[in-house]
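Visitor: My questions are about this predicted structure, shown below with the sequence.
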Amino acid sequence: MAPHEHHHHHDEDCCCEACSGIGVSFHEGALIGTLTGRIAADSVDAAKELLSAAMTDLAARINGAGGIVGHIKAIVSEEGRGYQISVTDEEAAVRSLSPSAYRADCTAIVFAVEEDVLREQMQETVGVLIDPDEDEDCCDDDCGCEHEHHHGQRQD
């Protein structure tokens, strides 16, 4: 059997894992979405507020799609100072941390929604704030995309 080939058009709204940096997996009945990268903001406090609002919006969207929010957590940090943000329904709880690097790590554990719904909702909320880590190119060599990267955004 020939291997499956993945071809689709990548534009600014593309939320496939290769372009968005959003990983989605299953674990014991839960759907888990993850995104790690830099968050563009004037300060870590501004990043905290932006990410907290985006996570609250993500929870509302998952609930609105008929899903159940198990937990949405993120860590946003700057040298020596940071915050953990946690959403278990539609309200964000914030706790101070003392991390060592500026970055954002976000994980959403949800139930009763499809993988594409979680990926799309994460892209439209936290994904617009977090520039994925650029350890790899957006797409593999066989993808056929012809775009460049700039601060996590593709330039077609």
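Guide: Noted; the coordinates are in hand.
Visitor: and the helix or strand hosting residue 119, average pLDDT?
Guide: For residue 119, the enclosing helix or strand under DSSP states H and E is helix 115-124. If you average the pLDDT over helix 115-124, you get 93.
Visitor: Next, the buried residues of it.
Guide: Residues of helix 115-124 classed as buried: 117-123 (neighbour count, 16 or more other Cβ atoms under 10 Å). Where C-beta positions appear, they are placed from N, C-alpha and C, glycine not excepted.
Visitor: Which other helices and strands does it contact?
Guide: With contacts taken as 3 or more Cβ pairs under 8 Å, 6 or more residues apart in numbering; DSSP states H and E, helix 115-124 sits against helix 17-20, strand 23-27, strand 30-39, helix 44-64, strand 103-111.
Visitor: and these as a markdown table, adding distance to residue 75 and mean pLDDT?
Guide: Below are the helices and strands packed on helix 115-124 laid out as a markdown table (distance: least, Cβ to Cβ, whole Å; pLDDT from 0 to 100):
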| stretch | distance to residue 75 | mean pLDDT |
| --- | --- | --- |
| helix 17-20 | 19 | 51 |
| strand 23-27 | 16 | 89 |
| strand 30-39 | 10 | 90 |
| helix 44-64 | 9 | 93 |
| strand 103-111 | 5 | 92 |
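Visitor: Mind checking those for the one nearest to residue 132?
Guide: Comparing those against residue 132 with Cβ to Cβ, the closest turns out to be strand 30-39 (4.3 Å).
Visitor: Give me the angle between that closest one and helix 115-124.
Guide: 20 degrees (axes from the mean of the first three to the mean of the last three Cα atoms, to 10 degrees).
Visitor: Please identify the buried residues of strand 30-39?
Guide: For strand 30-39, the neighbour count (16+ other Cβ under 10 Å) marks 31-39 as buried.
Visitor: Tell me which two of these sit farthest apart.
Guide: Across the buried residues of strand 30-39, the longest distance by Cβ to Cβ is 25.1 Å; it joins 31 and 38.
Visitor: Contact partners for residue 36?
Guide: Contact criterion Cβ atoms under 8 Å, 6 or more residues apart in numbering gives 21, 103-106, 130, 132-133 as the residues in contact with residue 36.
Visitor: Many thanks, I have nothing further to ask.
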